[in-house]
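Q: Build the 3D model from these lines:
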Amino acid sequence: MSTLQDAPPEAPRRLSLPVATLIGLLALAAALGVGHLVAGFVGYTASPFIAVANYVIDHSPTAVVKWAERTLGTWDKPVLKLGLAVVLVLFALVAGQLSRRTPRAGQVLVVLLGAAGVAAVYVRSDLGQVSLLAPVAALVAGLAVFTFLHRIALPVDVVDERGFDRRKFLRAGVGVAAGSGIAAVAGQVTGTSSNAEDSRAVVGPLVPARTAPPLPADADFAKLGSPPFITPNADFYRIDTALVVPQLRTEDWSLRIHGMVDREVKFSYADIRSRPLVERRVTLTCVSNEVGGPLISNATWIGVDLVDLLDQAGVQPGAEQMFATSVDGWTCGTPANVALDPDRGAMLAIGMNGQPLPVEHGFPARIVIPGLYGYVSATKWVESLEFTRWDARQAYWLSRGWAEQAPIKTESRIDSPRGFAGVTAGKVRLTGTAWAQHTGIATVEVRLDQGPWQPATLAAEVSKDTWRMWWIELGVPKGTHQASVRATDQDGYTQTENRADPVPDGATGWHSVTLDAR
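A: Here you go, the predicted model:
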């Protein structure tokens, strides 16, 4: 006669690995899809995925940011998105695996992940409180789907996963996946319906009342290996914190000038467009540019003199900085005395190389101030200029250890031959670029190994606010040699050999390349 003691122990209720994994992934898909859908209505960058990625950008250590700019270039943001996607997938997998017997552990992880999305949106200065609806909706959707699928896969009256209704689970899973995809697509369409490219296309030709002087024929030595004097829009370097390029129509844009001013003023795009436009060639340089680096480009800008707009507001004595804010929340502090200097040539630019500004370069309008590194002078998608004191507001990069004052340093580089290039021994031509914006380049010298410095031939000076190309022929014997370049600006300063890191106010040092002469 059998007894209770003889009965086999009851098998623990447990999901299989594939089912538990699928539940975690489907819950993640639901959260991201619903969050993206709601963000399409309350603010596109409130989408939890985008908000968390932006938080990573804003709070990454300076060393990491520099490495990404130097190593990945314009691929830094796609790589960030991919990396974040991998992290989220791993998080979902862990949530599923920890919930094979009970959903509680996975539910806790879903809530923690959702809370991170809520926090990432909450700290964004460019998003209002209503934007919190997107991450909250994502949290609720993820938690609901996780709990719902877990109950279908492991109902209370089933011993283990082998007894659950597979068809019911698969139907539910397919429904969740399809719904998540539809929600994500709908959010994308809704959030990007304000298409800046369509608005840009109807701006029409920008005809300056004051044109830049004609370019001399010898403005560059592109045929010899230097960059072209004017950088094509598609090749112009781009460094910014915008994970999603702002999509702003001209009819929705305005510029507000306020703070320590006699009167607050606001300009619409039509106001700016109707003013006499000025055309200037200005070279922009990123402070993160390493010695010999590529983060420098030159364009012909069309816009209005910034000082004319500031004069209408009447900037008050005692204002120390022009605190500029972009529509995506990025901020920039420019020395007020520079912005107000009529000889500086600061612009509110609406055109670039004969076209309305490209969207990724600030359409509808951006700031361009010659002679200062971009992080204190070149706000894209600008919407606000507040005059204040340095101790009252800290701009984005200033709060991360970069310098308050950031005049561009006199620098030069060798563009061809490239480093470690094989060359034929004998006469070797080198070409390159030098810059000292708002001061101008006086001379460029090149030397081989530790030999004497030899003067290079300079291209015609187009403007003190633009770069200047050079070339030289050196006698290079067989073997491995090092060519170095240095520039002297029109104030008489010769760039130093001493290497300095870009932080906090720009790199210094001579650029050198190794030549293998055969």
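
Q: Can you tell me the closest non-neighbouring residue to D198?
A: Leaving aside its chain neighbours, D198 sits nearest to R249 (7.7 Å; criterion: CB to CB, 6 or more residues apart in numbering). No exception for glycine: its C-beta is placed from N, CA and C like everyone else's.

Q: Give me the neighbour count for that neighbour.
A: 17 (other CB atoms under 10 Å).

Q: give the contact list for it.
A: Counting by CB atoms under 8 Å, 6 or more residues apart in numbering, R249 touches S194, N195, A196, D198, S199, P364.

Q: how near is it to A201?
A: Separation of R249 from A201 (CB to CB, to the nearest Å) stands at 11 Å.

Q: Same question for A116.
A: Taken as CB to CB, the span from A116 to A201 is 39 Å.

Q: Let me see the mean pLDDT of the helix or strand hosting A95.
A: According to DSSP states H and E, A95 maps onto helix 76-97. Taken as a whole, helix 76-97 has a mean pLDDT of 89.

Q: which phi and psi does the nearest residue in space to G509 that is not next to it in sequence have?
A: Using CB to CB, 6+ apart and skipping residues adjacent in sequence, the residue nearest G509 is R499, 3.8 Å away. Torsion angles at R499 (phi, psi; degrees, to the nearest 10) stand at phi -80, psi 130.

Q: isn't R499 right up against S512?
A: No. Using CB atoms under 8 Å as the test, R499 is too far from S512 to be in contact (10.7 Å).

Q: Compare the two (neighbour count), which wins?
A: Taking other CB under 10 Å, R499 and S512 do not tie; S512 has more neighbours (17 against 11).

Q: Can you tell me the SS state at that one?
A: Under DSSP: H, G, I helix; E, B strand; the rest coil, S512 falls in the strand class.

Q: give me phi/psi at the closest residue in space to it that isn't next to it in sequence?
A: Closest residue in space to S512, ignoring its immediate chain neighbours: S484 at 4.3 Å, by CB to CB, 6+ apart. Dihedral pair for S484: phi -130, psi 150, per degrees, to the nearest 10.

Q: now do the one 10 residues further on
A: Its backbone dihedrals place T494 at phi -100, psi 130, with angles given as degrees, to the nearest 10.

Q: Quick check: closest non-adjacent residue to Q394.
A: Nearest to Q394 is G333, by CB to CB, 6+ apart, at 7.4 Å.

Q: Just give me the neighbour total for V65.
A: So V65, with other CB under 10 Å, has 18 neighbours.

Q: now the strands: where do they sit in the stretch 201-350 of the chain?
A: Assigned by DSSP state E, counting those that start in this stretch, the stretch 201-350 of the chain shows strands spanning 254-259, 265-268, 278-285, 296-305, 321-326, 331-335, 347-352.

Q: Kindly reformat those as a markdown table and extend each row with mean neighbour count and mean pLDDT.
A: Output for the strands of the stretch 201-350 of the chain, formatted as a markdown table (neighbours: other CB atoms under 10 Å; pLDDT from 0 to 100):
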| stretch | mean neighbour count | mean pLDDT |
| --- | --- | --- |
| strand 254-259 | 19 | 98 |
| strand 265-268 | 16 | 98 |
| strand 278-285 | 23 | 98 |
| strand 296-305 | 23 | 98 |
| strand 321-326 | 26 | 97 |
| strand 331-335 | 23 | 96 |
| strand 347-352 | 24 | 98 |
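
Q: Including distance to Y373, could those go into JSON lines?
A: Below are the strands of the stretch 201-350 of the chain laid out as JSON lines (distance: least, CB to CB, whole Å):
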{"stretch": "strand 254-259", "distance to Y373": "22"}
{"stretch": "strand 265-268", "distance to Y373": "26"}
{"stretch": "strand 278-285", "distance to Y373": "6"}
{"stretch": "strand 296-305", "distance to Y373": "10"}
{"stretch": "strand 321-326", "distance to Y373": "14"}
{"stretch": "strand 331-335", "distance to Y373": "10"}
{"stretch": "strand 347-352", "distance to Y373": "16"}
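
Q: looking at these, which is closest to D415?
A: Ranking the strands of the stretch 201-350 of the chain by proximity to D415 (CB to CB) places strand 296-305 first, at 11.2 Å.

Q: Just the angle for that closest one relative to strand 278-285, thanks.
A: 150 degrees (axes from the mean of the first three to the mean of the last three CA atoms, to 10 degrees).

Q: and strand 296-305, how far out from the chain's middle?
A: A distance of 19 Å separates the centroid of the chain from that of strand 296-305, by CA atoms, centre = their mean, to the nearest Å.

Q: And stretch 238-258, by the same measure?
A: 13 Å.

Q: Send over it as PDB, restricted to the C-alpha atoms.
A: Presented in PDB, the C-alpha positions along stretch 238-258 are these (Å, rounded to 0.1, in the frame of the first residue of the first chain):
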ATOM      1  CA  ARG A 238      30.400  67.600 -38.100                       C
ATOM      2  CA  ILE A 239      30.800  67.400 -34.300                       C
ATOM      3  CA  ASP A 240      27.800  67.900 -32.100                       C
ATOM      4  CA  THR A 241      25.800  66.100 -29.300                       C
ATOM      5  CA  ALA A 242      22.600  65.700 -31.400                       C
ATOM      6  CA  LEU A 243      21.800  62.000 -31.500                       C
ATOM      7  CA  VAL A 244      18.700  62.900 -33.600                       C
ATOM      8  CA  VAL A 245      19.200  65.900 -35.900                       C
ATOM      9  CA  PRO A 246      16.600  68.500 -35.000                       C
ATOM     10  CA  GLN A 247      13.800  68.800 -37.700                       C
ATOM     11  CA  LEU A 248      12.800  72.500 -37.600                       C
ATOM     12  CA  ARG A 249      10.800  74.300 -40.200                       C
ATOM     13  CA  THR A 250      11.400  78.000 -40.900                       C
ATOM     14  CA  GLU A 251       7.900  78.900 -39.900                       C
ATOM     15  CA  ASP A 252       8.400  77.300 -36.500                       C
ATOM     16  CA  TRP A 253      11.800  78.900 -35.700                       C
ATOM     17  CA  SER A 254      12.600  82.100 -33.900                       C
ATOM     18  CA  LEU A 255      15.500  83.600 -32.200                       C
ATOM     19  CA  ARG A 256      15.100  85.300 -28.800                       C
ATOM     20  CA  ILE A 257      17.600  87.700 -27.400                       C
ATOM     21  CA  HIS A 258      17.200  88.400 -23.700                       C
END
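
Q: Alright, calling it a day.
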